[in-house]
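**Student:** Sharing a model that was predicted from the sequence below.
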Amino acid sequence: MRRFLLPLILLALFIGESIFVQITPHDLLGSGKIAVPRFLLAGLLFLTIFGSKKHGILYSLLFGLLFDIVYVEIIGIYLFLFPVIAFITTKLMKILQTNMAMASIIVLLGITLLEAGVYQMNLLIHHTDMVFAAFLSSRLVPTLILNAIFIILAVYPFKRLSEKFSDSLND
Amino acid sequence: MPQFFLNKRLIILLVSIIILVALIGFSLKDRENLTWPEQFLKDTTGFIQNAVSSPVNYVAGFFENVEDLQNTYKENKELKTRLDELARLESEVQRLKKDNTELREILDKKDSLSEFEPKQATVIGRNPDRWHELLIINKGKNAGIEPNMAVITSKGLIGKVKSSNTFTSTVQLLSSMDPTNRISAKIQAGDNNFFGLIEGYDKEKGLLLLKRIPYDAKVKKDQNVITSGLGGVFPESLPIGKVVDVVPDEFGLTQTAYVKPGADFYDIGHVMVVKRGALQPELMEMVDEKEEEL
């Protein structure tokens, strides 16, 4: 049972992102500012850092595919970026120590990477014509503020959950 | 064997990038229908979203109602002034409708481009990344929803159905940037109508771009923009918005109008999917045979 708790919570975050966007006003952090909830990636990276690396990357792959199919309808963008970011995180954790403050900073870094990656991909397939400066001020900064709040609230519960999850794997 | 091919990680990275490009290319292709695993996954998540979104909407609706109560007094005043006008308009609409049906009977012309049957649906999801403005609604092929149908709210057109699964469908909003997202529209200017195409959306200003209006068309501010029904998919006279500004295009051959959309693209709870009453022409019928031979 403990083994299924974390995937279920990740699924809840996956659906929660869409509900969050629906019920909050679109100018949450000022007009023209787009704050994108990246709660799912935060959860996945916490699992990678505190729990099992292998499962972190595997779930990143699965949820990336799910995200692409359900929300974007272009397969490949998140399917590629989620696991790559989880992989970079595992590499970073080898040289850094695992504590909550460090984990929060790394998750924020991961979200920055994801936003920049998605922006570049959309630019490539001509789904946006936003210039980089506009991207920084109207998307990246508000997104980081919103997700920093989420990370501060979620880092401790996720640490406990991920540790329990990796314990249940060892049993 | 050179060192290069022995590096396992590099090979994996290269292969995955090739697969990635192939997958993106595959899904960007103009697809009529999604593949069945995609449809299955979308329906399954749609089921969960449906179960979650109704209680959430209920709670959110409660808070919205409280907010509404605060503005009631001011709104009531404003509405009362409009009410007098409404009665007059209503009688005129009645008269015109009757006129219209009678004249149609005389002409023996039964189907019209503006006829449509609406289907109610509830929004159960929205793309969180907001690069691709997509909504997920809780009606699908089961309820007779097909790709390319128009989607409206009470205030006007918001987009079209991008793909439909058995129980859910995806709606692409007008505000999403997609070069294939074109809608044939017309500007109502007194006795004349000026035709153009809705192509693109200015995110910073929040205005739609109505392009390819003839250069000699005298378009003024506050004129209404509606669908023309000539694209072959949408019915006629769904409201889109009002003209805000007109500028000549880069070569001066046509004009571009900035249109303020009547509907709000963010606060969307319930939508209507519109099935056009008139026949949809097949693409093959529109191709000139002579042209094909060349």
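**Tutor:** The structure has been received and is ready for your questions. Everything numeric here is computed off the predicted structure, so don't read it as measured data.

**Student:** Now do the same for residue 86: its pLDDT.
**Tutor:** Answering for chain A, as no chain was given. pLDDT, A:A86: 93.

**Student:** hm, I was asking about chain B
**Tutor:** The confidence metric pLDDT takes the value 89 at B:L86.

**Student:** for B:Q280, same thing?
**Tutor:** Predicted confidence (pLDDT) for B:Q280: 67.

**Student:** other SSEs contacting the helix or strand encompassing B:I106?
**Tutor:** In the assignment (DSSP states H and E), B:I106 maps to helix B:72-107. Of the remaining helices and strands, none touches helix B:72-107 by 3 or more C-beta pairs under 8 Å, 6 or more residues apart in numbering or on different chains; DSSP states H and E. Bear in mind the C-beta positions are built from the backbone N, C-alpha and C, glycine included.

**Student:** Count the neighbours of A:L136 for me.
**Tutor:** If you count neighbours by other C-beta atoms under 10 Å in any protein chain shown, A:L136 ends up with 14.

**Student:** what are the ranges of the strands in the chain?
**Tutor:** In the absence of a named chain, this looks at chain A. In chain A, no strands are defined using DSSP state E.

**Student:** actually chain B
**Tutor:** B:116-126, B:134-137, B:150-153, B:156-164, B:169-173, B:182-189, B:192-202, B:207-214, B:224-227, B:239-248, B:254-261, B:270-276.

**Student:** Nearest to A:V36, out of these?
**Tutor:** strand B:116-126 (11.6 Å; C-beta to C-beta).

**Student:** Is that closest one positioned near chain A?
**Tutor:** Yes. Strand B:116-126 comes into contact with chain A (C-beta under 8 Å from any C-beta of the partner chain), by way of B:V123, B:G125, B:R126.

**Student:** what angle sits between that strand and strand B:156-164?
**Tutor:** For strand B:116-126 against strand B:156-164, the angle by axes from the mean of the first three to the mean of the last three C-alpha atoms, to 10 degrees is 70 degrees.

**Student:** Tell me who's in contact with residue 166.
**Tutor:** Reading this off chain A. With contacts defined as C-beta atoms under 8 Å, 6 or more residues apart in numbering or on different chains, A:S166 is in contact with A:F50, A:G51, A:S52.

**Student:** hmm, I had chain B in mind actually
**Tutor:** By C-beta under 8 Å, 6+ apart, the neighbours of B:T166 are B:Q39, B:D43, B:G140, B:K141, B:N142.

**Student:** which one of these sits closest to B:T81?
**Tutor:** B:G140 (43.0 Å).

**Student:** sorry, back to before: max pairwise distance over the contacts of B:T166: which two?
**Tutor:** B:Q39 and B:N142 (12.2 Å).

**Student:** more crowded one of those two?
**Tutor:** Neighbour count, other C-beta under 10 Å: between B:Q39 and B:N142, B:Q39 has more, with 20 against 11.

**Student:** ok, so what distance separates that one from chain A?
**Tutor:** Distance, B:Q39 to chain A, by C-beta to the nearest C-beta, to the nearest Å: 9 Å.

**Student:** re the thing from before, now tabulate the contacts of A:S166 in JSON lines and tack on neighbour count and pLDDT.
**Tutor:** As requested, the contacts of A:S166 are exported to JSON lines (neighbours: other C-beta atoms under 10 Å in any protein chain shown; pLDDT from 0 to 100):
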{"residue": "A:F50", "neighbour count": "22", "pLDDT": "90"}
{"residue": "A:G51", "neighbour count": "23", "pLDDT": "86"}
{"residue": "A:S52", "neighbour count": "17", "pLDDT": "86"}
